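**Student:** build the 3D model from these lines:
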Amino acid sequence: MKTLWPYLRRFWRAELVATIATIIMAFASLWQPHLLQQVMAAIIANRQQQVLHLGIELIVFAALGIVAGVVNTVFSARAAVGIATALRSDLYKQVQSFAFADIETFAASKLVVRMTNDINQVQGMVMAVFQIVARVPIMFIGALTLALLTVPSLWWLLAIMLIIIVVIAIVGMKRMSKYFGAIQARIDDVNTIARENLMGVRVVKSFVQEDAQIKQFTSASDKMNALAIKIGYTFSVMMPGFFLIGYLAMATAILVIGQSLRVHPAYLAAVASFTGYLMQLLMAVINASFIASGTTRAFVSLGRIGEVFAHKPSMHYPDVPVVNLPGSIEFDHVDFSYPGASQPTLHDINFKVAPGQMVGIVGATGSGKTSLAQLIPRLFDATKGVVKVGGSDVRTLAAGSLRQTVAMVMQRSTLFSGTIASNLRQGKPDATTRDMHWAADIAQSSEFIRRLDAGFNAQVEERSANFSGGQKQRLAITRGVIAHPKVLIMDDSTSALDARSERLVQEALDRELKDTTTVIIAEKIASIIKADQILVLDGGRLIARGTHKELLKTSPEYRAIYQTQKAREGVFADA
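**Tutor:** Numbering: from 1, shown residues only. Okay, here's the model as predicted:
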């Protein structure tokens with residue numbers, strides 16, 4: 001509730017109107033059986049004029065209840081949707097403040113569930129609270145009081161009915177409450193499997209794993225379905241049980257009143273109003289049960305949302321001015337471990353790069369190449385040692401200083417729905433068309449952009465499905481170079497390009513970004529053969545450093561990689 005309270009206060013006006021409307025609606029509903037009793041008494045006494053007046057009064061109260069119900073629904077929805085929107089927006093902002101490590105702590109798919117399904121549960125609860133909760137105690141107390149005033153001798157019937165109904169409700173709620181937390185976890189599982197399958201659909205199909213994926217998804221879905229069925233079965237027993245008890249109470253009331261008419265003839269007019277109050281009591285308990293089940297599940301969701309808000313980002317940027325930095329890089333005895341890892345990914349990394357130099361990083365898969373590169377723009381923090389950019393510890397720099405200095409192009413090119421221009425402006429918000437043409441020429445993306453009717457305003461579909469792998473990589477490189485960064489990191493970002501395109505990109509980078517420090521992670525030595533220095537990683541350690549020719553003489557590991565690739569791909573032009 002601590003998580004929800006600030007949002008409830010923000011929409012207090014809509015909540016106040018909704019509460020007043022539901023109170024009016026409750027009183028209008030309670031007074032109608034009493035008026036009906038007076039109508040019946042007037043009919044029995046043959047007082048036609050009184051019947052007319054009471055009929056008009058009944059219509060007025062019914063209309064008042066309808067109007068109050070409409071107002072309540074409108075303002076309850078306004079409050080619920082407003083709270084859910086604000087909550088979702090703030091939750092999204094909180095997620096945006098997380099570092100990579102924080103995202104991995106929760107898992108992306110589970111964060112999506114919390115921003116969608118869990119917030120929808122909270123929205124439904126808020127809607128129900130202002131539509132039903134304020135009405136339930138008024139209806140319960142009012143109906144019970146008026147029923148006792150109408151036929152005082154049937155107090156025992158009301159007591160028995162309420163005791164039985166409340167016992168059924170408590171047993172049912174206890175049985176269902178243990179399932180609500182579990183079903184949210186099952187929704188997480190189903191969402192994770194579906195997301196992984198859809199994002200890795202090419203792998204699934206290439207290895208003919210459709211049946212295995214269907215089996216895995218079906219298993220997770222069946223577990224969620226089993227929980228939902230258990231909840232459904234409980235409801236299917238509770239609801240008929242409630243109405244059975246209510247109708248038995250009504251039948252008993254009619255029977256007892258019928259037998260006592262000789263002693264209490266006035267009870268004849270009270271039959272309809274008493275049975276009406278019985279049904280209102282019954283509906284009050286049923287509504288309370290629904291609210292109890294809904295709030296139980298919503299509070300589980302609220303707790304999961306609260307976990308995200310309570311999580312402190314593992315990385316903080318100091319509140320210092322944004323400064324222009326030179327393109328130098330320095331690693332001073334740096335160790336790095338991923339959260340929860342038992343062994344360090346990088347160990348005692350130590351090197352310097354002067355501004356404008358080209359640095360190549362090679363090594364076997366899992367040697368720590370990408371991990372090392374991610375420390376430069378401070379996507380992760382070093383566990384030990386100091387990483388410097390422009391001579392300053394990256395932990396002492398403003399986020400803006402790092403972002404305007406360092407650009408990173410990943411191997412897996414991620415483009416967002418929108419246009420090519422909107423994606424490029426993520427690298428430089430004020431980029432002009434001229435800037436885009438310049439960057440596209442460097443990345444060799446101009447050739448296919450010019451063929452598009454809309455040019456830079458061409459649409460990028462969800463997950464950039466309308467572009468090939470090579471086109472996506474070239475657009476990602478375009479986005480990386482458009483701001484003319486002082487440091488450009490390319491993490492195997494030309495792997496999907498053909499040899500000619502890769503060579504043209506390299507030549508354009510050398511020509512147009514002479515002052516930019518370029519860090520290239522490559523599987524192919526041919527991509528970094530001209531580098532000013534090459535770092536060789538093995539098992540998270542920097543085992544060799546130097547130029548291509550120096551490493552051929554001094555590093556057996558580098559020489560083995562070179563000889564293997566040379567035999568497979570032919571003679572290197574600059575060997």
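**Student:** what is the strand or helix carrying Met40 packed up against?
**Tutor:** Assigned by DSSP states H and E, Met40 falls within helix 12-44. Here helix 12-44 touches helix 48-96, helix 135-150, helix 267-310, going by 3 or more Cβ pairs under 8 Å, 6 or more residues apart in numbering; DSSP states H and E. The way it works is simple: take the backbone N, C-alpha and C, and place the C-beta from them, glycine included.
**Student:** next, the angle helix 267-310 makes with it.
**Tutor:** Here the directions of helix 12-44 and helix 267-310 differ by 170 degrees (axes from the mean of the first three to the mean of the last three Cα atoms, to 10 degrees).
**Student:** pull out the buried residues from helix 12-44.
**Tutor:** In terms of neighbour count (16 or more other Cβ atoms under 10 Å), helix 12-44 has its buried residues at 14-15, 17-19, 21-22, 24-42.
**Student:** gap between that helix and the chain center?
**Tutor:** 42 Å (Cα atoms, centre = their mean, to the nearest Å).
**Student:** worst mean pLDDT among the helices and strands packed on helix 12-44?
**Tutor:** Here those differ in mean pLDDT, and the lowest is helix 267-310 at a mean of 82.
**Student:** now the angle from that helix to helix 48-96?
**Tutor:** Going by the same axes, to 10 degrees, helix 267-310 makes 10 degrees with helix 48-96.
**Student:** next SSE downstream of helix 267-310?
**Tutor:** Next along the chain after helix 267-310, taking DSSP H and E as the criterion, comes strand 329-336.
**Student:** parallel or antiparallel, which strands does whichever helix or strand comes after that following strand pair with?
**Tutor:** Moving toward the C-terminus from strand 329-336, the next helix or strand (DSSP H and E) is strand 346-353. Partners of strand 346-353 in the sheet, by DSSP bridges, are strand 329-336 (antiparallel).
**Student:** quick one: buried residues of the partner strand?
**Tutor:** By 16+ other Cβ under 10 Å, the buried positions in strand 329-336 come out as Ile329, Glu330, Phe331, Val334, Phe336.
**Student:** list the contacts of the first one.
**Tutor:** Read it as Ile329. Listed by Cβ atoms under 8 Å, 6 or more residues apart in numbering, the contact partners of Ile329 are Lys352, Val353, Val359, Ile376, Lys388, Val389, Val487, Thr517, Val519.
**Student:** tell me how far it lies from Ser493.
**Tutor:** For Ile329, the distance to Ser493 equals 18 Å [Cβ to Cβ, to the nearest Å].
**Student:** what does stretch 20-28 rub up against?
**Tutor:** So stretch 20-28 is contacted by 61-62, 64-65, 68-69, 71-72, 75, 130-132, 134-135, 138-139, 142 (Cβ under 8 Å, 6+ apart).
**Student:** and those residues, which of them are buried?
**Tutor:** 61, 64-65, 68-69, 71-72, 75, 130-132, 134-135, 138-139, 142.
**Student:** find the residue closest to Val133 in space, skipping its chain neighbours.
**Tutor:** Once flanking residues are discounted, Val133 sits nearest to Ile291: 5.8 Å by Cβ to Cβ, 6 or more residues apart in numbering.
**Student:** meant to ask about Ser493, not that
**Tutor:** Spatially, and ignoring its direct neighbours in sequence, Ser493 is nearest to Val409 (4.1 Å; Cβ to Cβ, 6+ apart).
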